[in-house]
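**Student:** Please work out how this folds:
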Amino acid sequence: MNNNEIFDKPVQYIKMVGPRRALTMENLNITTFGELIYHFPRDYQDRSFFQPVHKYKQNDIATVKGTVTGIQELKPRKNLTIIKAAVHDGEAVFYAVWFNQPYIKKQVHKGVQIIVTGKMDKNFGAMQVQVNDFEIISSGQELINSGRVVPIYPLTEKLGQRSLRQIMYYALEEWRHKISEFLSAAILNKYNLPGLQEALSQIHFPSDMQSANNARRRFIFEELFILQLVLALRRQKNNLQKKQHQYDSNGNLVNEFLSKLSFQLTNAQKRVWQEISADMLYLYPMNRLVQGDVGSGKTILSTLALLKAAESGYQGALMAPTEVLAEQHYLNLLEETEGLNVKTALVSGSMTAKEKMPVLEKIKSGEIQVVVGTHALIQEAVEFANLSLVVIDEQHRFGVRQRASLQYKGFIPDVLVMTATPIPRTLAMTLYGDLDISIIDEMPPGRQPVQTHAVKPSSMDKVYMLLKNEIKAGRQAYVVCTLVEESDKIDVQPAVETAGYLQEKIFINYKVGLLHGRMKQDEKEETMKRFRQKKIDILVSTSVIEVGVDVPNATVMVILDAHRFGLAQLHQLRGRVGRGDKLSYCVLVCEPTSEEAKERLYAMTVISDGFKLAEKDMQIRGPGEFLGTRQSGMPELKIADPVSHVKIMDAARKEAYQLIRDDPALKVSENKLLKAEIHRRINRKGTYIDIS
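**Tutor:** Prediction:
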C-alpha cells in the first residue's frame, strides 16, 4: 500500500473505532487514518515518575504505583456512587477513589497491580487519591495512560482521553511501519529532524519531553514546507503562461483621469501604481496583492488599472463581496470617470432577469468595458468579449473557487487583489507567497486620526449629545448593531428596534435611516443614496457597512455591543468615518466580561494603525483568523504558527523555492512521494487545485 491508500483509510476500520465511534470522531474532523494520526496532542503530562503516596502534599497531582488489597462500593446519597480501592504502594496503604464510575468495579480487582493519577487528598485522616486516570499493569503490555509521558488530546463529547489514546496507540502499532517518508534525507539531516515513522511515534507517545519537542518541530517544518511548496508551484505556474493581451503604454485614459483629479496621489500610491502598471506591461500575467489600511486609497489604484485595460481595448471586472460595496464601487467609478469615454455596468444577484439581459449582451459584445459586481459575475450567463483584468476587492471574503471562476472568464487575465484587512508582512509572505505584495503605507494628507472611546451603556446620554452636536454642525453618523431583529438567545441591540427607538424617542427632529443585509437591493441602494445626499442624518446598520462604504461627511461611528466584534472588524467599522478633513469619533459601547474583550477594546482606543492592530490581534487570539483568509485549496496548518515559528517558516520557504528551482515539476524520483502528499493534502476536502 502507498501512503495515500494508508492515509485515506476510513477511520471506522481502525481497531476500537467502528461506525458509531467514527461518527463521534467526525466532530474532531477525523474521518481517515491520516486525520487520526495528525490529530496531535495539545499537551503532555509526565507520569513516568512514581513515588510513595506519603511524599505528596495536599492537592498535588500524584502518580502512584501499587497493588490493590481491597475494593468497595459506597452510595452515601442518591445519585452518588463512590468506588474506593485500598492500594499498597510498598510503604503504606492509601485509597484510590472514583466518583460515579460504578463500572470501575468490573475492571479493578484485589491483587492487581495498578498505577493511578489524581489529586492528593489528606483531609479525612486516610490518604486518598481522587483518580482522574489509571492503568492496570499487565505483563507484556506497554503502558499507555501511565508510567510515561502521556499525551493530552483535544476531545469531543463521548470520546475520552483513555479511549482516544488506545485508538491512537493501536493505529500506530498496526500502520506506522508501513508509512513511507516523503521529506528528503538531505532536509531531515540539514535541520536534524526525525523521520516520519519516528516522529509519529514520539509526538503521540514520546520517550521523554525532548523527543516530543523534536517530533513537533518536524511536523511544524513539514506543514510550513508543504504550504510554501504549494505557493511556489502556483507562482511558477503563473509565470509559465504568457498572456495574449498587450496594453497600450501611452496611457491616454489613465493620463486624462490623473489630470482631472482634485488631489495628488500620495508617494505610496504612486509607488504601488508603478508596480501595478509594470506588471500589466509584463509578458506574464500579474498576480498582485495590494494591502492598505482603511482610507489609504486603494480604490483609486484599481480605477487606474481598469482604465488601463479599457484604453487598450480590453475589459476589466471588479468583484466585491457585498451588493452594498459593489454598488459603492460602481457609483464611485461613474463619478470618477465622468467625461471619459468609458462604459461601466453593475451586475448583482438581486437584479431581475429582465434588468440583466441587456447588460449581459453588452458585456458579451465588448461594448461595456468595466463590469462591477458581486459573486454574480462568476455565473455562467456572464460572458466577456476580451477580459484582460480581474480586480478582487476584500479578497478574503471569496473562496479559491470563486476567484478562479472569474479568472476563467478571460484567457490568463491579470489579477489584482485588494484588502483593507491589514496582515503583518511576515504572515502575508506565508499566506500570499504566490502573489507579489504591495503595501500602501501612507495616508492621504489632511486625514486626522479618529478619536476612539470605549463607554458603558449607562453613558448613552453623552453619546446622544455627541451625535446631536455633530448633526447640528452639518455632519452625519452611523450606529452599528450586531443583529437585525431581537434575539432570545443573545442580549444585543437589534438594528430594527434601535432605529425605531432613536427616531421616536431620541432624534425626533432628525432623520434616522436603516440598512441591513435582509433588505432588497433597491431598498439598500435608495438608503445609501439618501445618506450620501445628506437626507439621512443617522444611519443605523448591521456590519454590512463594514467595508468600502465611503461618505466623507460622516464623522461619528457608534458601535453597540462592541465586545461582540473582532479587532479587525472594529477597525473596519471605524474606517467608515474620518474620511474627510473633519475630526471624527468612534464610540465603542459595551460592558465586556472577558479579559480578551477588554484587551481588544483597549487596543482600539490606543492604536489607530491597522497593521499594528493586526499584530495585536494575533497576540491576543493567535493567527487562526488570518490563516482562514485563504480558505479552501490550501494545506491546513494544524500545529504550525507562522508568527511564533517565523524562523522555521523562513527556512521552509527557502527550501521550498530552492526545490522548485531544482525540480520544477517534482519529477525526480525522491520527490514523487512529496508531490503525492501535496496533492493529498490540498484535495482531501473535495477541493481540487491543479498544481501539476
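
**Student:** So L560 versus V463, what's the distance?
**Tutor:** As for L560, its distance to V463 is 10 Å (criterion: CB to CB, to the nearest Å). (Each C-beta comes from the backbone N, C-alpha and C, glycine too.)

**Student:** Common neighbours of the two, please.
**Tutor:** Shared contacts of L560 and V463, defined by CB atoms under 8 Å, 6 or more residues apart in numbering, are found at V589.

**Student:** So for the two, which residue has more residues nearby?
**Tutor:** L560 (24 against 21; other CB atoms under 10 Å).

**Student:** And the pLDDT at that one?
**Tutor:** On the pLDDT scale, L560 is placed at 93.

**Student:** phi, psi of it?
**Tutor:** Taking degrees, to the nearest 10, you get phi -80, psi 150 for the backbone angles of L560.

**Student:** Give me the distance from the strand of greatest length in the chain to the chain's centre.
**Tutor:** Assignment by DSSP state E gives strand 61-77 as the longest strand of the chain. With CA atoms, centre = their mean, to the nearest Å as the basis, strand 61-77 stands 47 Å off its chain's centre.

**Student:** how about it: buried residues?
**Tutor:** Neighbour-count burial for strand 61-77 flags A62, T63, V64, K65, G66, T67, V68, I71 (criterion: 16 or more other CB atoms under 10 Å).

**Student:** same thing with stretch 266-284?
**Tutor:** T266, A268, Q269, R271, V272, W273, E275, I276, S277, D279, M280.

**Student:** Specify the local secondary structure of the residue lying closest to V272 once chain neighbours are set aside.
**Tutor:** Leaving aside its chain neighbours, V272 sits nearest to S438 (4.4 Å; criterion: CB to CB, 6 or more residues apart in numbering). Classification of S438 using DSSP: H, G, I helix; E, B strand; the rest coil returns strand.

**Student:** Check M351 too.
**Tutor:** Criterion first, three-state DSSP; result for M351: coil.

**Student:** Could you do V556 as well?
**Tutor:** Recorded secondary structure, V556: strand (three-state DSSP).

**Student:** what's the most distant pair in the buried residues of strand 61-77?
**Tutor:** T63 and I71 (20.0 Å; CB to CB).

**Student:** Can you name the residues in contact with the helix or strand harbouring I300?
**Tutor:** Here I300 sits within helix 298-311, counting by DSSP states H and E. Residues from elsewhere that reach helix 298-311 (CB under 8 Å, 6+ apart): 247-248, 251-254, 257-258, 265, 269, 272-273, 276-277, 280, 290, 292, 315-316, 318, 329, 332-333, 336-337, 340, 342, 369-370, 388-389, 391, 393, 414, 416, 418, 420, 440, 550.

**Student:** Buried only: go through those residues for me.
**Tutor:** Among the contacts of helix 298-311, those scoring as buried are 247, 251, 253-254, 257, 265, 269, 272-273, 276-277, 280, 290, 292, 315-316, 318, 329, 332-333, 336-337, 340, 342, 369-370, 388-389, 391, 393, 414, 416, 418, 420, 440, 550 (criterion: 16+ other CB under 10 Å).

**Student:** Among those, which ones are in helices?
**Tutor:** The helices in this structure, assigned by DSSP state H, contain 253-254, 257, 269, 272-273, 276-277, 280, 329, 332-333, 336 from the buried ones among the contacts of helix 298-311.
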